[in-house]
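**Student:** Next one to model:
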Amino acid sequence: MYPFERFINHLKSKMKNKRYVEGSICDAYLIEETTHFASFYFEDNVQSRRTQIGRNLNDGGIDPNLPRTLSVFNRPGRPIGAKGQRYLDTKERFAAHQYILLNCEEVQPILRLYETGLRQYNPGVTDEDIDNEVEKNFASWFKDYVYNPGNNICNQSLIDLACGPLLQATTYNGYVVNGFKFQTEEHCVRKSTNNFGVSIKGTSLSHDESFFFGTLKEIVEIEYPNIPLKRVVLFNCEWFDPTPNTGTKLDFDSGLVEVYCRRHYKKYDPFIIAQNACQVCYIPYPRGIREKLNWWIVLNVRPRGTIDNAYKHIESYQYDGIPMPTYDVGLDQEGGDDLLHNPVVLDEVEVNPIGSTQGVDDHYEIEDESEESEQDDEVVYEDSENEDGENVEFNRDSEEDD
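**Tutor:** As a prediction, the model looks like this:
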C-alpha cells in the first residue's frame, strides 16, 4: 500500500463523530501533534510513540544476561508464529554445522591454516579442489585440531563448537531480523503478502561473488552442548539455479534480475544464518507472455521504516578560506563616473483643479492639427485625359514637387 493511502487510513481511524467528520479528524490530529511535540521534553526513560521501535525493527536485541561467547551465537532476532520441535537427520546436521564453521569469525584463522596445509602437501592443487576438500573434511579436521592438547585451544566455546549441534531443533513460522519479517513459504500460501523471498551473496575460492535467490522453507534454531546457551537461527532455503543466462538473467537496460522458477541449485547447501539474509519479492510475468511463463522478476525489499540512501539529503561543505576573484575598479580613472548610480530626477506635473476648463481647448487644438497633418499625408489620385484620350492617374504630391 502506498504511504499516502496509509496516512489517509490513519486519519479515517480518528473519526469519532460522523456528523462532523472533518472537524473530528482535525481535532484528533491536533491532539496527536501536540502530544508528539510535548514528547520531546520527556526524559529518555519515558516511553512514548516517538521513542517506540517499529514492529519489524524490534528484533529483541542481545540478551544482556547471557555471557559473551562466539560471534555466531546468540545474535539479535525475534521469532514469531507457531513453535515446534523436531530432530535433524545426519545430512541436515552436517550441512548446518559446516555452514556455521565457515561463517564464524573465530574459526577463520584455523580455516586459513587448513587451506595453507593443503597447498603445501598438494602442489598444483586448484581452488576448486580446495573448496571441495573444505566442504567434505574440514569439520572433522577442526574437531581433531581443537581437541589436540598440543594446539593449546583453551576457548571453551570453540571446543563446544567442534562437538557439533544437538539433534533436537526448534522450528518457527516467522522471524524478524535486519528490519525484515520473514515467513515460510507454506505459511504464505493463502496470503496476499510474499515474505518468503531470500537472497544472499555467495563467495568461494574458485568462483567470483554471486547472488543466490531462493525461497524460505523452514526456520530452524539449533543449539550447541554445554552451558552457557549457544543458539543459532538458520534459514532452510531452496535455491534457484544461479547459472547466468540459464537460471538467472540480468537485464542491463532496466537493471532487473530474473530467475527461472523451475530450475534449482543442484548442490545441497540449504542453510544460511538468519542475520545474513536479505529479503526479496518475486513477481511473475502476465500469463499472456508465453516466453516468460516460468520466469520471475526479483525485486529487492527495503526494511520498513528506513529510507534509501538515494533519497537522503547530501550536505554540501563550504570552506570559508576559498579565495574569491575580485575586480578592482578605480573611480578616479577615466569613465569611473559612469559606474556610479545617479538618482533619477522626475519632472513636475501641473494638475488642474476639478471643474477647470484650462487646457481643454488646447487639447482639441492639438487633435485638429493632427487631423490636418493626416489629411496632407493622404495620397489623392485624379483622372485626366491625355492627347490620345486615355485616362491617366497622377499624384498631387509629385505634381507639386515638379
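**Student:** Just the CA trace of the lengthiest helix in the chain, in PDB.
**Tutor:** In the chain, with assignment by DSSP state H, the single longest helix is helix 127-147. C-alpha atoms of helix 127-147 as PDB (Å, rounded to 0.1, in the frame of the first residue of the first chain):
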ATOM      1  CA  ASP A 127      41.000 -23.600  -5.900                       C
ATOM      2  CA  GLU A 128      38.000 -25.800  -6.800                       C
ATOM      3  CA  ASP A 129      39.700 -28.800  -5.300                       C
ATOM      4  CA  ILE A 130      40.400 -26.900  -2.100                       C
ATOM      5  CA  ASP A 131      36.700 -25.900  -1.900                       C
ATOM      6  CA  ASN A 132      35.600 -29.500  -2.200                       C
ATOM      7  CA  GLU A 133      38.100 -30.600   0.400                       C
ATOM      8  CA  VAL A 134      37.000 -28.000   2.900                       C
ATOM      9  CA  GLU A 135      33.300 -28.900   2.400                       C
ATOM     10  CA  LYS A 136      34.000 -32.600   3.000                       C
ATOM     11  CA  ASN A 137      36.700 -32.900   5.700                       C
ATOM     12  CA  PHE A 138      37.200 -29.500   7.400                       C
ATOM     13  CA  ALA A 139      34.600 -30.200  10.200                       C
ATOM     14  CA  SER A 140      36.200 -33.500  11.200                       C
ATOM     15  CA  TRP A 141      39.800 -31.900  10.900                       C
ATOM     16  CA  PHE A 142      38.600 -28.900  13.000                       C
ATOM     17  CA  LYS A 143      37.400 -31.200  15.800                       C
ATOM     18  CA  ASP A 144      40.700 -33.100  15.900                       C
ATOM     19  CA  TYR A 145      42.700 -29.900  15.800                       C
ATOM     20  CA  VAL A 146      40.700 -28.300  18.700                       C
ATOM     21  CA  TYR A 147      40.800 -31.500  20.900                       C
END
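**Student:** For that helix, which residues meet the burial criterion?
**Tutor:** When neighbours are counted by 16 or more other CB atoms under 10 Å, the buried residues of helix 127-147 are found to be 130, 133-135, 138-139, 141-143, 145-146. (C-beta placed from N, C-alpha, C; glycine too.)
**Student:** For it, which outside residues touch it?
**Tutor:** With CB atoms under 8 Å, 6 or more residues apart in numbering as the contact definition, helix 127-147 has outside contacts at 94, 97-98, 101-102, 107, 110-111, 114-115, 118-119, 122, 151, 153, 158-159, 161-164, 204-206.
**Student:** change it to 7 Å
**Tutor:** 97-98, 101, 110-111, 114-115, 118, 151, 153, 158-159, 162, 204-206 (CB atoms under 7 Å, 6 or more residues apart in numbering).
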